[in-house]
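S.K.: Kindly generate the corresponding structure for this input.
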Amino acid sequence: GRGWWVGRPVELPGSRPLRFDGTRSVGSALTHWPTEQVVKCLLHYHPDDAVDLRLEQEQRVLELWEATRASGNELLLEIIPPKALTPDGSSDAAVLRAVKRFYNLGVKPEWWKLAPMQPAGWRQLEALLAERDPYCRGAVILGLNQPLQYLADSFADASSPIVKGFMVGRTLWADASLKWFKGELGDAELINEVARNFAVLVDAWRNRHQALRAAA
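M.R.: Numbering: from 1, shown residues only. Purely as a prediction, here's the structure:
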């Protein structure tokens, strides 16, 4: 009710095939959600998954898609291909194939949440969205617990206007929290370290166009 953008997870953490957290009927669960909350669903998915696994996961996403159409919530679909299926650095291609696959199935999430890609990957995503869903709100970058500087540097590649920001968690707080649990940081020091990490990413995001020009 405060006008904040909130992405609220619906998946059972770590599930593959996808399961929904705390419910057998995601449609029934969403009737109790405020409509301004965005349904965030993480999917460990690759187009080359075993057929039975792929079809089961796609069916779950279709269920979720129909549920959000009924409830009025926007959908954010987070795609992470398993590392075992992207050993040669082909994750950009796998992600783009996955996005296209869901469009072929009729799923048109308002948001995509994707790992950092090379500039060519973001341009291909921009073209795909323009072709298949020009009303898509865009993409946000996920962190995957990557080093802070890696993520900051990757923002310079995300100059496409379809990339709207980032949603990063563990990169900001995981190391600091571990130190806090070990008693190496106090409460105020924990807060300050997480805030500094966040400020680094905010500055990198705001300055990404300047970083791109400097690299050119």
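S.K.: how near is Leu42 to Ala204?
M.R.: 24 Å (C-beta to C-beta, to the nearest Å). Backbone N, C-alpha and C define where each C-beta goes, glycine included.
S.K.: Would you map the helices across this structure?
M.R.: 26-30, 51-71, 91-104, 119-132, 148-154, 170-181, 187-206, 208-215 (DSSP state H).
S.K.: averaged over its residues, what pLDDT does the shortest one have?
M.R.: So the one you mean is helix 26-30. For helix 26-30, mean pLDDT is 95.
S.K.: By mean pLDDT, show me the worst of the helices of the chain.
M.R.: helix 208-215 has the lowest average pLDDT among these, namely a mean of 68.
S.K.: wouldn't Lys179 be in contact with Leu185 here?
M.R.: Yes. Using C-beta atoms under 8 Å, Lys179 is in contact with Leu185, at 4.4 Å.
S.K.: Just the pLDDT at the residue nearest the centre of the chain, thanks.
M.R.: In the chain, the residue lying closest to the centroid (C-alpha atoms, centre = their mean) is Lys113, at 2.5 Å. On the pLDDT scale, Lys113 is placed at 98.
S.K.: Surely it is in contact with Leu75?
M.R.: No. Taking contacts as C-beta under 8 Å, Lys113 lies outside contact range of Leu75: 10.7 Å.
S.K.: same for the longest strand belonging to the chain, what does it pack against?
M.R.: If you go by DSSP state E, the chain has its longest strand at strand 37-44. For strand 37-44, the packing partners by 3 or more C-beta pairs under 8 Å, 6 or more residues apart in numbering; DSSP states H and E come out as strand 6-9, helix 51-71, strand 75-80, strand 111-114.
S.K.: mind saving the C-alpha coords of the first one as CSV?
M.R.: Presented in CSV, the C-alpha positions along strand 6-9 are these (Å, rounded to 0.1, in the frame of the first residue of the first chain):
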residue,chain,number,x,y,z
VAL,A,6,7.8,-5.7,-4.4
GLY,A,7,8.8,-9.0,-6.1
ARG,A,8,7.5,-11.9,-3.9
PRO,A,9,8.8,-15.4,-4.5
